[in-house]
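Q: Pasted the sequence and its predicted model underneath.
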Amino acid sequence: MLDVIKEKYDLPPGTESWTLRSIATKWRNWKSELKKKYYDPELPMQVLLEKRDKRAFVEQYVKLVAQWNSEKSKERSEKNKIARNQKIMNQTTGRRSFAQVQQKLKKEKGRPPSRVELFHACFTHANGSSSGNIVAEKLVTRILDFDKDEMVE
């Protein structure tokens with residue numbers, strides 16, 4: 001895939017890794033879209049092939065549906081659904097690690113950030129809104145606890 005892109009575009013040196021990650025993300029997103037729109041495990045393969053997205057090659061789509069129908073795939077899907085439903089707080093740092101966020105805050109503030117400041121930076125969006133009700137509650141609780149600790153010292 002990278003060779004095809006290099007034939008069509010003049011990539012700057014050092015962008016191969018980013019290009020491959022971008023391709024992988026788009027490929028996963030497209031397969032997810034196909035599954036949501038066109039896949040029904042109750043339908044026979046022939047019907048699935050007839051109603052597939054016309055951009056999907058038949059041979060590749062057959063393999064994809066076979067993968068979706070496999071027991072291993074179904075078990076993984078169920079496990080992931082359960083885990084996703086149990087998640088209550090979403091971090092908003094994207095690909096940046098908490099350590100990277102901590103270093104950035106340290107540079108900006110000229111001192112190491114407090115745990116509350118780090119939590120706020122990692123679980124709120126750029127516009128300042130929290131990533132969920134639980135996060136907002138935790139922030140209020142932690143800020144109040146932090147203020148009490150500051151008063152004691």
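A: Yes, it's here. Because the structure is predicted, anything quoted here is derived from the model rather than measured.
Q: Give the burial count for residue 2, as a bare number.
A: 12 (other C-beta atoms under 10 Å). For every residue, glycine as well, the C-beta is placed using N, CA and C.
Q: what ranges do the helices span in the chain?
A: Here the chain has its helices, by DSSP state H, at 2-8, 16-38, 45-50, 58-69, 71-86, 98-109, 115-123, 133-152.
Q: quick one, which of the ones you listed is packed in tightest?
A: Of all the helices of the chain, helix 115-123 carries the top mean neighbour count, a mean of 18, counting by mean count of other C-beta atoms under 10 Å.
Q: orientation of that one relative to helix 98-109 in degrees?
A: Helix 115-123 and helix 98-109 meet at an angle of 120 degrees, taking axes from the mean of the first three to the mean of the last three C-alpha atoms, to 10 degrees as the criterion.
Q: same for helix 115-123, what does it pack against?
A: Under the contact definition 3 or more C-beta pairs under 8 Å, 6 or more residues apart in numbering; DSSP states H and E, helix 115-123 sits against helix 98-109, helix 133-152.
Q: Comparing these by mean pLDDT, which bottoms out?
A: Ranked by mean pLDDT, those bottom out at helix 133-152, with a mean of 61.
Q: can I see the domain layout of the protein?
A: Domains of the chain are assigned by automatic domain parsing as 2-86, 98-152.
Q: quick one, which of the ones you listed is nearest to residue 92?
A: Across the domains of the chain, residue 92 has its closest neighbour in domain 98-152 (5.3 Å, C-beta to C-beta).
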